[in-house]
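> Sharing a model prediction with you, sequence too.
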Amino acid sequence: MKALHVLSLALAATISAPAMASSLPPLIPMPAKITPQPGTLTIANNAAITLPEGDKGARIAASLLIEKVAKDRGLTLSTGTKGVIHITRDASLPGDEAYRLEVSAKGVTLAAKGDAGLVYAAMTLAQLLSPDAHVGAPVRLSAMQIADAPRFKWRGVMLDTARHFLPTSAIYATIDQMAAHKLNTLHLHLTDDQGWRIEIKRYPDLTRIGAWRTPPSAGGAPGEKVGGFYTQDELKALVAYAAQRGITIVPEIDLPGHAQAAVAAYPEIGVLGARPDVSHDWGINPYLFNVNDHSVGFIKNVLDELMAIFPSQYIHLGGDEAIKDQWQRSPEVQAKMKALGITSENAMQSWLIDQLGTYLAQHGRRLIGWDEILEGGLPPSASVMSWRGDKGAVDAANQNHDVVLAPAPTLYMDSVQSRRADESAGRLFTVTLADLYNYDPFPKGLPADKAGHILGAEITAFSEYLTTPRAVQHVLFPRLDALSEVVWSAPAQHDWQGFLTRLQPQRLRYTREGINDADSAFAVDFALQGPRSQLLTRKEGTVAIATQTGFGQIRYTTDGREPTARSPLYKQPVAVKLGQVLKAAAFDGTLPTAQSRSFDLSTTSLLRWNNPDLVACPKGALGHRVPLTSEAPDGSPVFNVNLFDDCIMAPAVPTDAPRKFTVDVARLARHYGLAYEATKQIWHYSTSPHGELVMRVGGCEGDIPGGGPKGQVIATFPLPDPATAPNRFQLTGTVPAGTGDQNVCMLFTAPISGAFYTVASLQLEPAS
């Protein structure tokens, strides 16, 4: 690791990435050293690849190159004896992941010492052979020499298969993209409260019972059970497939907390003897593994089968968010603590981690866990994955433990990528493409002599709100591209503008490969200059247009037609008239960088506040964007919500004249494990059986016990019985004439023991 790191820095020092950005080939991640050479070479259909006889690793690299170029460029390559592409071994290169790539007028040479290096060389060449949109055309390569090696040893992606089961096809597709980006560690989160996904033959109920859950209900009968699991044969096939691409799969069995699915299957391994259902609540649940001999023996038996499937050096045992209430209330656990001389439940967790770490070490493996395992002390061989910021990484490295950085929110891909109205579900903490690219896995304040303990970093795709494989792809790509350059390329290679330019051909590859990458970083967004009432009154106004990255040239139309590279160039806020439809997109040359977006300037649209237009009531915050149901299919609506208060507000509603309104209400399941934060939920006293929607103009604070709104009441609607009413329904009333623009507060007083409510839209009708 240290040798590769030094090589990467040394090579980086020989070039200046920003200075060369315009001449560098469109590669992601950027190689350590690129030396241009005179001459060119054209690669066309039926070009042959030669490789050492009997070299299995070289044959795999050639096969991957052939497959990748066929998909991304539409060219057919093959292996042969007189090839223009040569794969060879070079024992002088440092480490199995380093490689050398040379292009001359005579041919291309790919060289590496290890199999992984050959794969990475092949993936670099595949990118060189798909630099633009001209699918099927020959590619003329500029002559060059590339010498490359990674910055970090651990370059990872975590997939959470427990909250929403991912079919193996989705995992295979992720592995393919990881290999293309030189990422080498796939962390599979296989168990949690909401599902146990790995077949354990000694304990079949872990999957017979623990792999399936009943979806939460927002009213009415519960749905059919959902879930799934992987057989051991399926996982062994995944391991072999990943290994051929230089990727190690690290399994995670989460303990001692996040254990509800396991305890649902085998309640005797739990603490208090109760058999819960497999959870459908996101968040923190109270169920823990016991620490008695039976439970610890159970875990070791599970680890035996786990290690037989996964040959990885590291086994991840979670350790996060294990609230200790069950241990505190268990006479058996308390007696064991006393017998062991342990004085705190955190130290009891440390004892358990030590037992399991020792067991793994006896089998030649190493334990890794989330940074909570630091609490109470760690066995010397344990490594730490730091998710609560960088502090856990610094603390662990200072104690001479190896560390992987995965801090929330920056490396948590369940955070939304933008606040655009069409963004997908997730946590409403925006993590942009730039946030990923600007992240440095070396924590500030870490002493230089501890730097060797930083193994690398990984992005995580926790899947509470990612209900389908396409949803997972949307949050991973292209943010994964940014992470790949952070962990592979030395800091001297990092060049944000150059990266954005190089990302454009990569996004074309995503399209050809059927990857659902997000265009959030490049999509236009509109901002009406001034209040809506001004445009409604004056019949004209201006609209600013921008993209998150500023990349490309924005082109627009005002007649609803699709913008092209010849449409008017955006230079300043656009003058618009009431009733127009403004459309825009950014262009990189002749190609749009994202799908065009529209801004409807009709009176009807301006008098509609869709859910993303709504804001939190005072003293609250909209913290999550959630689907209508826990298993919502692709394309389903999502809603910004405050999990702690069923109150939301439409800002700056014109009240110059009385207007009829229609409010579209969404009722959602309250399936959140809030643990100690449950006391933060605001209870609004209800005066009808199922609560009311109270609508007021002029404010959201004050005079209803429990924190209700003040201001003029314009409507109060008793809510229908959730057992019989649909979870989307409409209510109508009238907003009376007032003075100027005012906030409209919409407060739901339904009991917090049941479903919660939000507003999908508020539509006003023009004054007659």
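Great, that's in hand.
> what pLDDT does G711 get?
You'll see G711 listed with a pLDDT of 76.
> That one - how many residues pack around it?
18 (other C-beta atoms under 10 Å). Just so you know, the C-beta spots here come from the backbone N, C-alpha and C atoms, and that holds for glycine as well.
> try the one 10 residues further on
The number of residues packed around D721, counting by other C-beta under 10 Å, is 11.
> Next, the residue nearest to it when sequence neighbours are not counted: secondary structure please.
In space, and not counting its chain neighbours, D721 is closest to H690: 5.8 Å by C-beta to C-beta, 6 or more residues apart in numbering. Three-state assignment for H690 (DSSP: H, G, I helix; E, B strand; the rest coil): coil.
> Please, where are all the strands along the stretch 151-300 of the chain?
154-160, 185-189, 191-192, 195-196, 212-213, 226-227, 248-255, 282-284 (DSSP state E, counting those that start in this stretch).
> which one of those has the most crowded surroundings?
strand 195-196 (a mean of 30; mean count of other C-beta atoms under 10 Å).
> Show me what that strand is packed against.
helix 260-265 (3 or more C-beta pairs under 8 Å, 6 or more residues apart in numbering; DSSP states H and E).
> Low-confidence stretches in the protein?
1-22, 702-710, 768 (pLDDT under 70).
> Recalculate using a threshold of 90.
1-24, 81-82, 220-222, 375-381, 445, 618-619, 698-712, 738-739, 766-768 (pLDDT under 90).
> Distance check, the residue nearest to D721 against P720.
7 Å (C-beta to C-beta, to the nearest Å).
> cool, and D422?
Counting by C-beta to C-beta, the gap from D422 to P720 is 30 Å.
> now Q399
Q399 is 57 Å from P720, by C-beta to C-beta.
> And P654, by the same measure?
For P654, the distance to P720 - C-beta to C-beta - is 30 Å.
> which of these two has more neighbours?
P654 (21 against 16).
> these two touch, right, that one and L535?
No: contact criterion C-beta atoms under 8 Å: P654 and L535 do not qualify, at 10.3 Å.
> wouldn't K680 be in contact with F644 here?
Yes: contact criterion C-beta under 8 Å: K680 and F644 qualify, at 5.0 Å.
> Give me the more crowded residue out of these two.
Using other C-beta under 10 Å as the criterion, K680 and F644 rank with F644 on top: 19 against 10.
> Can you name the residues that contact that one?
G620, E677, K680, Q681, I682 (C-beta atoms under 8 Å, 6 or more residues apart in numbering).
> Let me see the contact set for the third one.
Contact partners of K680, counting by C-beta under 8 Å, 6+ apart, are F644, L674.
> One more: the fourth one?
By C-beta under 8 Å, 6+ apart, Q681 lies in contact with L643, F644, D645, L674, I752.
> ok, now how distant is the residue positioned nearest the centre of the chain from G426?
With distances taken as C-alpha atoms, centre = their mean, the residue of the chain nearest its centroid is M413 (2.2 Å). Separation of M413 from G426 (C-beta to C-beta) stands at 8 Å.
> tell me, what's touching these two both at once?
Joint contacts of M413 and G426 (C-beta under 8 Å, 6+ apart) are V475.
> so I60 sits right up against T79, yeah?
No: taking contacts as C-beta under 8 Å, I60 lies outside contact range of T79: 11.5 Å.
> gap between the residue nearest to I269 when sequence neighbours are not counted and E199?
Nearest residue to I269, sequence neighbours excluded (C-beta to C-beta, 6+ apart): S295, at 4.5 Å. As judged by C-beta to C-beta, S295 and E199 stand 20 Å apart.
> who are the neighbours in contact with A396?
D371, L374, L378, S383, V384, S386, D402, V403, H453.
> Between all of the contacts of Q681, which two are separated the most?
With C-beta to C-beta as the measure, no two of the contacts of Q681 lie farther apart than D645 and L674, at 12.7 Å.
> follow-up on the earlier one: looking at the contacts of A396, which are in helices?
With DSSP state H as the criterion, helices contain none of the contacts of A396.
> Closest to S567 out of the residues you listed?
Out of the contacts of A396, the member with the shortest distance to S567 (by C-beta to C-beta) is S386, at 47.3 Å.
> Any idea what the closest one is bridged to?
Beta-bridge partners of S386, counted by DSSP bridges, are L405.
> Run a quick neighbour tally on it.
27.
> Also the one 4 residues further on?
The local packing of D390 (other C-beta under 10 Å) involves 20 other residues.
> now do A723
Using other C-beta under 10 Å: A723 sits among 11 other residues.
> got it, and P38?
8.
> any idea which of the contacts of Q681 has the most stuff around it?
D645 (25 neighbours).
> SS state for the closest residue to it other than its chain neighbours?
Computed as C-beta to C-beta, 6+ apart, the closest residue to D645 that is not its neighbour in sequence is I682, at 4.3 Å. Look at I682: counting by three-state DSSP, its state is coil.
> tally of neighbours for I682?
17.
> and it, backbone torsions?
For I682, the backbone dihedrals (degrees, to the nearest 10) come out as phi -90, psi 120.
> My read is that it contacts L643, right?
No: between I682 and L643 there is no contact under C-beta under 8 Å: 10.5 Å.
> State the helix or strand in which P26 lies.
Using DSSP states H and E, P26 sits in no helix or strand.
> dump the residue contacts of it.
Q127, P131, T501, R502, Q504, P505, Q506.
> Can you tell me which of those residues is closest to D525?
Out of these, the member with the shortest distance to D525 (by C-beta to C-beta) is Q504, at 19.6 Å.
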